[in-house]
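Colleague: Sharing a sequence plus its predicted fold:
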Amino acid sequence: MSGNENTENVESTEHTGVEGAGGRSVRNGETVLVVDGLTVIGRPSDVEIISGVSITVKRGEILGLVGESGSGKTTLGLSLLAHCKRATEIVGGQVLVGDQDLAGLSERGVRQLRGRAVAYIPQSPASALNPALRLGVQLREALHDDSLSNGEVVERVREVLREVALPDDDAFLRRYPHQLSGGQQQRVAIAMAFVGRPDVIVLDEPTTGLDVTTQAHVLETIRSMTRDYGTAGVYISHDMAVVADLADDIAVMYRGEVVERGRAAEVLSAPQHSYTRQLLMAVPLLKTSGHEEAEPEEEPLLRVSGLTAGYGRTQVLEGIDVSVSRGECVALLGESGSGKTTLSRSVAGLHHQFTGEILFDGVPLAASSYRRTAEQRRRVQYVFQNPYEALNPRKRVRDQILGPYRHLVGRPADPDGVVAEALERAALSASYADRFPEQLSGGERQRVCIARAVATGPDLLVCDEITSALDVSVQAEIVKLLRGLQDQGMALLFVTHNIALVSNIAERVAVLNRGEIVEYGPVGQVMSSPQHEYTRALIADTPDFELSFPGAPERLGMDSGDRVVEG
Amino acid sequence: MSGPSTSTTSTTPTAPARRRPGLFRTAWRFGRTKVGVVLTGLIVLIAVAGPFVAPYTPTEFVAKPFETGVDGALFGGDNRGRDVLTRFLWGGWTLLLLAGSAAGLGVAAGTVVGIIAGYRRGWVDDVLMRANDVLLAFPQLIAALLVMSIIGPKVWLIVAVIAVSHMPRVARVIREATRKVIEQDYVKAAEAIGLPRWRIMTVEILPNVTSPLLVELGLRLTYSIGVVAVLGFLGMGLQPPTADWGLMINENRQGMSIQPWAVALPVSAIAVLTVGANLITDGLSRAAIGIDRGVEK
Amino acid sequence: MTRLIVVRLFFGALTLWAVSLVVFAATQALPGDAAQLILGRDATPERLEALRNQLNLHEPVAVQYMQWLQGLVQGDLGTSFSNRMPVAEYLTDPVRSSLTLMGLSALVATPIALFLGAFSALRRDRAFDHTSSMGTLVVASIPEFVVGILLILMLGPGGLGLFPSVYAREGGPEQWILPVLTLALAVAPPIVRMMRATMIEVLESEYVQQARLKGMGERTVLWRHAAPNAIGPVAQVVALQLAWLAGGVVAIEFLFNFPGVGKVLMDAIENRDVPLIQAVVLLIAGIYILVNLIADVIGLAANPKVRVANR
């Protein structure tokens, strides 16, 4: 189990000892949070948002609460602090922290316990830290213990800041949230939660939006602090890989109910519920041998050479050389700010400020899409990251697809046929043609975007993080769909921050770090023996786990033989 | 939302979710919109049908100045002895016509400027917005007074001045809305396939700023009614002997304490009209907020 | 932040200059020339010619504008056509009266409006909120002179007879009540609505939720966490409303026969007194720009992201 291996990692990190966490006697293993039959309903519809949920967590352990969007996991997390969003209400059940039932206490009683018995770490610290208050104020007030003197409070704040590896000097305490990086903000949020030495801590997807390296550091901090403080953690996430790595227990939520719960090892090795199995299968494997390499061609379909690009005076890309052959998938892997989107937009003619050459089919492409020939624009198509923003909400699916077709190919003799065929290639039935985007789910929207792109019969599809806004199960289907398109001969430039996806779709990968390509080669080779330290760190920081239940190797349609033996 | 059921059967669609109702239908659900429509409708009816049912002609003398309690003149005579009711029934349509066309022209011009400035950015945006700032430095009424005092009160000029003074205000709102729209990737998708800029502005952007556009139209209509009326009231609008609500107030305000009807009728009509128009606008803007929010998931 | 303010000031000055150009150009469009206007129809050609020389009307328009602008900068607003007094001197008293009127209205309207707005936000969707929302909507829709007339009809000599409807030099302080009330009613509704909207937005924000989850009391949440984030937008609306007063005062002064700049403007228009029109329009535009500028600066200062540059 990779979980054990990770535990050792944590202990060997810079974190300095149990003694630092303060004089409380740690009694790990004792059950401290008991949730029993908790039910929350929405007003005025009376629909149950979560129904009869029961969980328990022990001191020093972490319960991973997994579910996709709309499963009610955030509502559950907030109700552990007896907090309900507008128009929701706890109508039944107990939330026992120690021997106190938060669901049954008065407002004043709940307020007393918040921050000290139960604390909360929000999803996005950027909006959860008050922009108008200095960090010192926000950290000090979180303690709200009247028995402490001012000096003791400040000392406690400094102590907890040191524990999350942040500076503890006065200058830092005087800063405003906007003066910190995303990772630092999340550390402040963690410090704020631990400053009152809570018995239970609720973490609501605290690493969303962080790079894998930062995520790994933040997770390590959470792991060690819960153990040192003897705090019971409830870690809410949609990411099975992170939970598998971090949690002692796992509870799977689906439509407001906990459908499966148990020790992490058991849930991962022998999932009982079909939904759990499906979630697990959708998680892409980190390491594969990659696909067979296509025969090297004389002239690749797309060749980017010596490309340097920027915005105004800031340069984001330098000396980029990448090529994509016909029917090949090349992945551009990079964290936020690495310049990967700038590169893909330069290829699509949406980013104009660059020097260097982009050759498509042996012919140089102009910087602006408006200077390119219609034929060039037809042959290079782009799929955007966020399907919720990529479709004009005022047009039907049919017109979304026919618009580009009319502009680039010409008036179709059989418009219905064109639409039906495009939808079919994106694995949607023709009946979707009459819908508006608002009538589609996220995954369906992204399929329509793909249908729009393939309708014109392109040779190269540029995919910019096209699965990052989607749930994992939907992500797996989109990846499957792209593979199918590739098998029909389409070349793909697949931009992503998710290293696990790279292994499962691309033949070759270019790793971007701060505007430069640090590693470029066949996927199998890069994953099994990365040459550059950045790539190595990236692979090490990405959570991964193996599946051993029957049928597991088929996840994401990979062949079991593809899996490279670690070590 | 997406559960196991949809993930295995993506080719066979589940029954499509009902489309959300549009702006008007959403707005209609608010009680205040209905009240607004009734109030506005009432005044529009008076203004449009008034001239056909008026007992006299607007310039006929039927009483002594400021005389009340005259047979055949329900609300008495005005400052010259003309029938107050007749002049009231005649005086509405000019106000509606002027205010309506001023609001329409102003919003149309402001929308064009706003979309161009928001989409083209760069120097086009800078120039348009600086010009806007200069226009905005004049309070609406002062701008109108300045021009009227110099060229003289002419009908087309009233419409033009009010329309011009609306333009920068509308442009600012539409520019903001446009900027939000062009951050969305569907505009970039259109650019990537090389759709001409003017088509992007008309096909991709314009339909997606209709909510703020309608709200602005309502708001500008309310303001236009106010400005047209106040110009008449200041003697800088339509000139005597035209029957006009604003002018009626101006002509008869000296006798307000002995003959209140000549002022009270047009004043109430203007008040009811503006309240009605603003109630509709409020309904629209509430609906628009709900709809715009609904775009995100 | 200082740089941002300097940039704003520069653009304010630029706008004011552009406004002066517009005002000057507009008055150039007058039919006939200034000499004719001053002396009337039956002036002899000799006297007209003499006055034209005196007013530099033979110079090119650009030179005339430069001379006018130069005078403006030195505080010389020219001489009124109708009463031959220097415009600056003539305007002193009306400006003082108008500023007093505007100041009183703002003083009455702002605190009440802020309180109503905040209270509505706390009582969101309850009876008080609905009543206040409906009330502000109604008052905000009706043109201010109509509000004034309705007040006169109800409270003036024809109605309850509580207050005089027209300002007179020898009248007592009660004659200020209706003009101030009218302007206050015109200014308040947008402030109420903005205060309510901002407070609701702030109270629904994640950082306020986080403060509650940290166990802060409602009082701390409201004053320490919510209020500082609401100041910026609200201050801006308050300033904008004060700027509106500069123009809105005209119709109200005309209605109540109040001896302020608005009345001066209407008289000047009647007499075609060009220097006076120019001066008053410039003055009003100047106040308008200045107050808008202050609103901008407050907005910047209330935002810690601007106040404390990123280190």
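Modeller: Right, received. Where do you want to start? Numbers count the residues shown, from 1 in each chain, chains lettered A, B, ... in the order given.

Colleague: burial of the closest residue to A:Ser54 other than its chain neighbours, as a residue count?
Modeller: Nearest non-adjacent residue to A:Ser54, counting by CB to CB, 6 or more residues apart in numbering or on different chains: A:Asp36, 5.1 Å away. Heads up, the C-betas are built off the backbone N, CA and C, glycines and all. A:Asp36 has 16 neighbours, counted by other CB atoms under 10 Å in any protein chain shown.

Colleague: Is A:Asp36 in a helix, a strand, or coil?
Modeller: Following DSSP: H, G, I helix; E, B strand; the rest coil, the label given to A:Asp36 is strand.

Colleague: In contact with the nearest residue to A:Asp239 once chain neighbours are set aside, which residues are there?
Modeller: Excluding the flanking residues, the one nearest A:Asp239 by CB to CB, 6+ apart is A:Val472, at 7.4 Å. Going by CB atoms under 8 Å, 6 or more residues apart in numbering or on different chains, A:Val472 touches A:68, A:238-240, A:279, A:282-283.

Colleague: Is any residue of stretch C:216-236 near chain A?
Modeller: Yes - judged by CB under 8 Å from any CB of the partner chain, stretch C:216-236 and chain A are in contact via C:216-217, C:220, C:224-225, C:228-229.

Colleague: ok, now how distant is A:Ser71 from A:Tyr275?
Modeller: Separation of A:Ser71 from A:Tyr275 (CB to CB, to the nearest Å) stands at 10 Å.

Colleague: Which one's more surrounded, those two?
Modeller: Using other CB under 10 Å, the more surrounded residue of A:Ser71 and A:Tyr275 is A:Ser71, with 27 against 21.

Colleague: just to revisit the earlier point, so what sits against both of A:Ser71 and A:Tyr275?
Modeller: With CB under 8 Å, 6+ apart, A:Ser71 and A:Tyr275 have common neighbours A:Tyr254.

Colleague: Closest one to chain B out of the contacts of A:Val472, please.
Modeller: A:Glu68 (6.5 Å; CB to the nearest CB).

Colleague: ok, and the closest non-adjacent residue to that closest one?
Modeller: A:Asp471 (4.1 Å).

Colleague: residue contacts, that neighbour?
Modeller: Contacts of A:Asp471 (CB under 8 Å, 6+ apart): A:68-69, A:238, A:442-443, B:2.

Colleague: and which of those is nearest to C:Val274?
Modeller: Comparing the contacts of A:Asp471 against C:Val274 with CB to CB places A:Gly442 closest, at 65.3 Å.

Colleague: Do I have it right that the closest one meets A:Glu389?
Modeller: No - contact between A:Gly442 and A:Glu389 fails when scored by CB atoms under 8 Å: they sit 11.3 Å apart.

Colleague: Those two: which has the busier surroundings?
Modeller: Neighbour count, other CB under 10 Å: between A:Gly442 and A:Glu389, A:Glu389 has more, with 22 against 18.

Colleague: count of residues packed around the residue of the stretch 1-150 of chain B found nearest chain C?
Modeller: Proximity of the stretch 1-150 of chain B to chain C (CB to the nearest CB) peaks at B:Pro139, 2.4 Å away. When neighbours are defined as other CB under 10 Å, B:Pro139 has 23 of them.

Colleague: What's the local residue count around the closest residue to it other than its chain neighbours?
Modeller: Once flanking residues are discounted, B:Pro139 sits nearest to C:Gly247: 2.4 Å by CB to CB, 6+ apart. As a burial measure, C:Gly247 scores 21 neighbours (other CB under 10 Å).

Colleague: Quickly find the element holding C:Gly247.
Modeller: helix C:227-256 (DSSP states H and E).

Colleague: for the helix or strand following that helix, packing partners?
Modeller: Elements were assigned by DSSP H and E; along the chain past helix C:227-256, the next helix or strand is helix C:261-271. Applying 3 or more CB pairs under 8 Å, 6 or more residues apart in numbering or on different chains; DSSP states H and E, we find helix C:261-271 packed against helix B:140-151, helix C:87-122, helix C:227-256, helix C:274-301.

Colleague: What residues sit buried inside helix C:261-271?
Modeller: Of the residues in helix C:261-271, C:261-266, C:268-269 count as buried by neighbour count, 16 or more other CB atoms under 10 Å in any protein chain shown.

Colleague: What residues does C:Ser20 make contact with?
Modeller: C:69, C:72, C:282.

Colleague: Nearest residue to the first one in space, ignoring adjacent ones along the chain?
Modeller: Spatial nearest neighbour of C:Leu69, excluding adjacent residues (CB to CB, 6+ apart): C:Ser20 at 6.4 Å.

Colleague: The last one too?
Modeller: Across the structure, with CB to CB, 6+ apart as the measure, the residue nearest C:Leu282 apart from its sequence neighbours is C:Val23 (5.8 Å).

Colleague: so the one you found sits right up against C:Val280, yeah?
Modeller: No - with contact defined as CB under 8 Å, C:Val23 does not count as touching C:Val280 (10.0 Å).

Colleague: those helices in the stretch 351-500 of chain A, which residues are they?
Modeller: A:374-379, A:397-408, A:415-425, A:442-454, A:472-487, A:499-505 (DSSP state H, counting those that start in this stretch).

Colleague: May I have the secondary structure class of B:Pro240?
Modeller: coil.

Colleague: Only the buried residues of the helix ranked longest in chain B, if you could.
Modeller: In chain B, taking DSSP state H as the definition, the longest helix is helix B:261-294. Neighbour counts over helix B:261-294 (16+ other CB under 10 Å) mark B:261-288, B:291-292 as buried.

Colleague: just checking, what packs against it?
Modeller: By 3+ CB pairs under 8 Å, 6+ apart, helix B:261-294 packs against helix B:23-28, helix B:31-53, helix B:84-90, helix B:210-233, helix B:245-252, helix C:127-141, helix C:144-155.

Colleague: For chain A, find the nearest of the ones you listed.
Modeller: Nearest to chain A among the helices and strands packed on helix B:261-294 is helix B:210-233 (8.2 Å), distances taken as CB to the nearest CB.

Colleague: what angle do the closest one and helix B:31-53 make?
Modeller: Angle, helix B:210-233 to helix B:31-53, by axes from the mean of the first three to the mean of the last three CA atoms, to 10 degrees: 40 degrees.

Colleague: If you count contacts, what does helix B:210-233 end up packed against?
Modeller: For helix B:210-233, the packing partners by 3+ CB pairs under 8 Å, 6+ apart are helix B:23-28, helix B:92-120, helix B:140-151, helix B:155-182, helix B:245-252, helix B:261-294, helix C:144-155, helix C:227-256.

Colleague: Ranking helices and strands of chain C by mean pLDDT, which lands last?
Modeller: helix C:34-39 (a mean of 66; mean pLDDT, DSSP states H and E).

Colleague: Could you pull out the buried residues of the next helix or strand after that one?
Modeller: Toward the C-terminal end, the helix or strand that comes next after helix C:34-39 (DSSP H and E) is helix C:45-54. Buried residues in helix C:45-54, counted by 16+ other CB under 10 Å: C:48, C:51.

Colleague: Just the mean pLDDT for helix C:45-54, thanks.
Modeller: Taken as a whole, helix C:45-54 carries a mean pLDDT of 75.
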